[in-house]
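Participant: Whatever this is, show me its structure:
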Amino acid sequence: MTALTISIVVILALVVIPIIFVVGLYNGLVRLRNRYKNAFAQIDVQLKRRHDLIPNLVETAKGFMKHERETLEAVIAARNVAHAARQNAVSNVGDAESMTALAQAESGLGGMMGRLLAVSESYPELRSNQNMLQLQEELSSTESKVAFARQAYNDAVMHYNNKIESFPANFIAGMFNFVKATMFEVSDDSERDVVKVEF
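Facilitator: Model prediction:
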């Protein structure tokens, strides 16, 4: 090999290796971003299911709880707020404002559901109604799935955020506008308590 050939190989190596390194980091960041977006999609599926169950629950309870109109309307209003916050979060996955609004809306909905469940204790016929028992089971199952999906999402966000904040990926993340994602965290300490769905 001549000196010219060795020089060309060295120059190519000095150019190609950094390009391969940057492309590898960029592709890794894209994979991590897509992973947390997919994890949020799993939360979205379960929240949609939860939001779809609530009107059925309210309709079933309506027949028995004629004097609790205010409670039933408050549950539906909280469900509508949570539904709107979920749709906004779907459009802005990982955005701090959207995730905070979703967490607050879901916390409010949880509070209203707790209120509905507490009031329903006064209606023994409602507690033994077959439709209500089935809805209770579905809602309880969905709550568990939401918790697991939220944990998977938060794990994916943590992994992504760690990567974009670590050297040397932080340079690539900055160059290509990879921004820190926000976890879906409990917004109210009362939500940390175990939800008891029981009629």
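Participant: all contacts plus neighbour counts: C-alpha atoms, from now on.
Facilitator: OK.
Participant: What segments of the chain are helices?
Facilitator: Listed in chain order, the helices of the chain (DSSP state H) span 3-62, 69-91, 96-120, 124-128, 130-165, 169-175.
Participant: Next one: Phe184, what pLDDT does it get?
Facilitator: Per-residue pLDDT puts Phe184 at 90.
Participant: From what I see, it and Asp155 are in contact.
Facilitator: No - in this structure, Phe184 is not within contact of Asp155 by C-alpha atoms under 8 Å, at 10.2 Å.
Participant: who's more crowded, those two?
Facilitator: Higher neighbour count among Phe184 and Asp155: Phe184, with 22 against 16, using other C-alpha atoms under 10 Å.
Participant: for the nearest residue to the more buried one once chain neighbours are set aside, what are its contacts?
Facilitator: Distance criterion C-alpha to C-alpha, 6 or more residues apart in numbering; nearest residue to Phe184, sequence neighbours excluded, is Met99 at 5.9 Å. The contact partners of Met99, by C-alpha atoms under 8 Å, 6 or more residues apart in numbering, come to Ala89, Val93, Thr182, Met183, Phe184.
Participant: Recalculate using a threshold of 7 Å.
Facilitator: Each residue near Met99 by C-alpha atoms under 7 Å, 6 or more residues apart in numbering is listed here: Ala89, Thr182, Phe184.
Participant: just Gly108 next, same as before
Facilitator: With C-alpha under 7 Å, 6+ apart, Gly108 has these contacts: Ala78.
Participant: show me where pLDDT drops low in the protein?
Facilitator: 186-199 (pLDDT under 70).
Participant: mind redoing it with 90?
Facilitator: 1-13, 56-73, 94, 110, 113-137, 139-140, 185-199 (pLDDT under 90).
Participant: what about Phe64, how many neighbours?
Facilitator: Counted with other C-alpha under 10 Å, residues neighbouring Phe64 total 16.
Participant: just to revisit the earlier point, now do the residue nearest to Phe184 against Ser122, distance only.
Facilitator: In this view, Met99 and Ser122 are 36 Å apart by C-alpha to C-alpha, to the nearest Å.
Participant: Thr100 too?
Facilitator: Distance from Thr100 to Ser122, by C-alpha to C-alpha: 34 Å.
Participant: Looking at these two, which is more packed in?
Facilitator: Thr100 (20 against 12).
Participant: quick one: that one and Arg31, what's the gap?
Facilitator: The value you get for Thr100 to Arg31, if C-alpha to C-alpha is used, is 24 Å.
Participant: Equivalent analysis for Ala156, please.
Facilitator: From Ala156 across to Arg31, the span is 10 Å (C-alpha to C-alpha).
Participant: More neighbours: which of these two?
Facilitator: Taking neighbours as other C-alpha under 10 Å, Ala156 and Arg31 compare with Ala156 leading, 23 against 13.
Participant: quick one: contacts for that one?
Facilitator: Residues in contact with Ala156 (C-alpha under 7 Å, 6+ apart) are Arg35, Tyr36.
Participant: All set, thanks.
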